[in-house]
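Asker: here is the input, now give the coordinates:
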Amino acid sequence: MLEKDKHITQSFLASVETHKGILYKICRLYQEGEEDRQDLFQEIVLQLWKAHESFRGDSQFSSWMYRVALNTAIVYLRKQRRYGQHVVQAPYPERGEDVAPLQDSQEKLILFQKAIHQLSKAEKAVIFLYMEGHSGKDMADILGLSPANVRVRLNRVKDKLQSIIKNMGYELR
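Answerer: Predicted structure coming up:
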């Protein structure tokens, strides 16, 4: 291997290592099973490697990586569904008359994750970036949308999550 190629490879691996938490979160968001998450992680890293030469530095590496990883996760999920590998979601209880408030933070987290799995791929991407603390401008850059469109989509996703959770018979406080 040439010294230049070796440096490029090491630089790429260091960047992936630095931001691997982002990749793991995306994998958890789009896949429920551990084995499926590992497969998706490998696919994301492969796609990042294939595309890393196209990174021009117009944005932060992490923003570019988010975009590639989210797009890869969406395509990967589409392929799974096309080939009959449907992600099984746990059934939820019918909405009761009473809405039960959740007190335990672990219960809230589990419920929230179940609600997120009911969102579309695009909605998951919006809420994920929001939860990661990205600004509207960063989200717009990553998703290829206008900042106004990001705000609208984010508000709709928040409302939808509230509705999903309420339909599951719970209320987050």
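Asker: what about D138, how many neighbours?
Answerer: Residues near D138, counting by other Cβ atoms under 10 Å, number 19. Yep, even glycine has a C-beta here, placed from its N, CA and C like the rest.
Asker: look up the closest residue to it, ignoring the ones flanking it.
Answerer: Spatial nearest neighbour of D138, excluding adjacent residues (Cβ to Cβ, 6 or more residues apart in numbering): S63 at 6.2 Å.
Asker: chain center to the helix or strand containing that neighbour: distance?
Answerer: If you go by DSSP states H and E, S63 is part of helix 61-82. Centroid separation between helix 61-82 and its chain, computed with Cα atoms, centre = their mean, to the nearest Å, is 8 Å.
Asker: residues touching it, excluding its own?
Answerer: Here helix 61-82 makes contact (Cβ atoms under 8 Å, 6 or more residues apart in numbering) with 15-16, 19, 22-23, 26-27, 29-31, 40, 43-44, 47-48, 51, 55, 86-87, 121-122, 125, 128-129, 138, 141-144.
Asker: and the residues you listed, which are buried?
Answerer: Neighbour counting by 16 or more other Cβ atoms under 10 Å classes 15-16, 19, 22-23, 26-27, 29-31, 40, 43-44, 47-48, 125, 128-129, 138, 141-143 among the contacts of helix 61-82 as buried.
Asker: among the residues you listed, which lie within helices?
Answerer: 15-16, 22-23, 26-27, 29-30, 40, 43-44, 47-48, 125, 128-129, 138, 141-143 (DSSP state H).
Asker: now the residue most central in space within the chain: closest residue in space, sequence neighbours ignored.
Answerer: Most central in the chain under Cα atoms, centre = their mean is I26, positioned 3.7 Å from the mean C-alpha point. With sequence-adjacent residues excluded and distances taken as Cβ to Cβ, 6+ apart, I26 is closest to A69, at 5.0 Å.
Asker: and that neighbour, what's its pLDDT?
Answerer: Per-residue confidence (pLDDT) for A69: 90.
Asker: now the element after the one helix or strand in the chain whose mean pLDDT sits lowest, going C-ward?
Answerer: One helix or strand of the chain scores below all others by mean pLDDT, DSSP states H and E: strand 100-101, with a mean of 48. Next along the chain after strand 100-101, taking DSSP H and E as the criterion, comes helix 105-116.
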